[in-house]
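Q: From the sequence below, what's the structure:
(one chain, ligands or ions: 1)
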Amino acid sequence: MASGAGSNFEALVEACRSKRLAAEVVLLVVNNPGCGAEQRAARLQVPCQRINHRDHASRESLDNALIAAFRQARVDLVVMAGWMRIVTPLLVEAYPDRLINIHPSLLPSFRGVDAVGQALAAGVQLSGCTAHLVRPEVDAGPVLVQAAVPVLDGDDHDSLTARIQLQEHRILPLAVALTAAQLAAYGAAPAAADAQG
Ligand code: GRF
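A: Numbers count the residues shown, from 1 in each chain. Here you go, the predicted model:
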């Protein structure tokens, strides 16, 4: 699932194709017509479906369309790779312990929109990114993988975002592998993983 540039989507495809990740990206869903992710899918020859939230009267209606697309494509695991819409419990419960999000902060710090801007405004010396299982509460849920990224003197929004994104591209495939391993071992993530942190 992607809404924007799609660099995380491409990182996942590359991880699969280079055999670093034993998985296959069978479908990309985008909500914004013409977004970078859609263009990358065409170049990478990954099937892409456009499910525009503007065509749906409610978040639930959008999520039902997503679920239908994923069921048709027989996906095992769903990644919100820069999906800029709040999802409802419908989607979370359709893919229990197999719905992953990537967020550009060290959660639980700086949830919500513009996490990089929030970190810069707070003046922290360390930021980073988090791949986590999705729960109905926004940017909550068990952490799968985090990477710390120092905030350097003179960093601006663009420079910090770029360094965080390099780490996102590294940890997102790891998070998919970890989730798949947990599912294989337990049938679901262990209950202990439900604790934050
Ligand atoms: C990433 O920074 C991710 O953390 C956030 O949205 C951004 C998506 O970037 N959720 P891209 O579209 O994968 O390049």
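Q: Stretch 106-115 and the ligand, any residue contact?
A: No: residues of stretch 106-115 contacting the ligand under C-beta under 6 Å from any ligand atom: none, with a closest distance of 7.5 Å. Placement of C-beta: from N, CA and C, glycine included.
Q: Let me fix that, I meant to ask about stretch 43-56.
A: No: counting by C-beta under 6 Å from any ligand atom, the ligand is not contacted by stretch 43-56; separation bottoms out at 13.5 Å.
Q: nearest residue to Val79 other than its sequence neighbours?
A: Ile100 (4.8 Å; C-beta to C-beta, 6 or more residues apart in numbering).
Q: for this structure, what spans make up the strands?
A: Applying DSSP state E to the chain gives strands spanning 28-30, 48-50, 78-80, 99-103, 126-133, 143-150.
Q: how about JSON lines for those, with mean neighbour count added?
A: Formatted as JSON lines, those follow (neighbours: other C-beta atoms under 10 Å):
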{"stretch": "strand 28-30", "mean neighbour count": "25"}
{"stretch": "strand 48-50", "mean neighbour count": "17"}
{"stretch": "strand 78-80", "mean neighbour count": "23"}
{"stretch": "strand 99-103", "mean neighbour count": "24"}
{"stretch": "strand 126-133", "mean neighbour count": "24"}
{"stretch": "strand 143-150", "mean neighbour count": "18"}
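Q: Reformat those strands as JSON lines; add mean pLDDT.
A: Below are the strands of the chain laid out as JSON lines (pLDDT from 0 to 100):
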{"stretch": "strand 28-30", "mean pLDDT": "98"}
{"stretch": "strand 48-50", "mean pLDDT": "98"}
{"stretch": "strand 78-80", "mean pLDDT": "98"}
{"stretch": "strand 99-103", "mean pLDDT": "98"}
{"stretch": "strand 126-133", "mean pLDDT": "98"}
{"stretch": "strand 143-150", "mean pLDDT": "98"}
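Q: need the contact list for the residue in the chain positioned nearest to the ligand.
A: The ligand sits closest to Gly82 of the chain, with a gap of 2.6 Å, by C-beta to the nearest ligand atom. When contacts are counted by C-beta atoms under 8 Å, 6 or more residues apart in numbering, Gly82 touches Ala2, Ser3, Gly4, Ala5, Gly6, Ser7, Asn8, Phe9, Ala37, Ile102.
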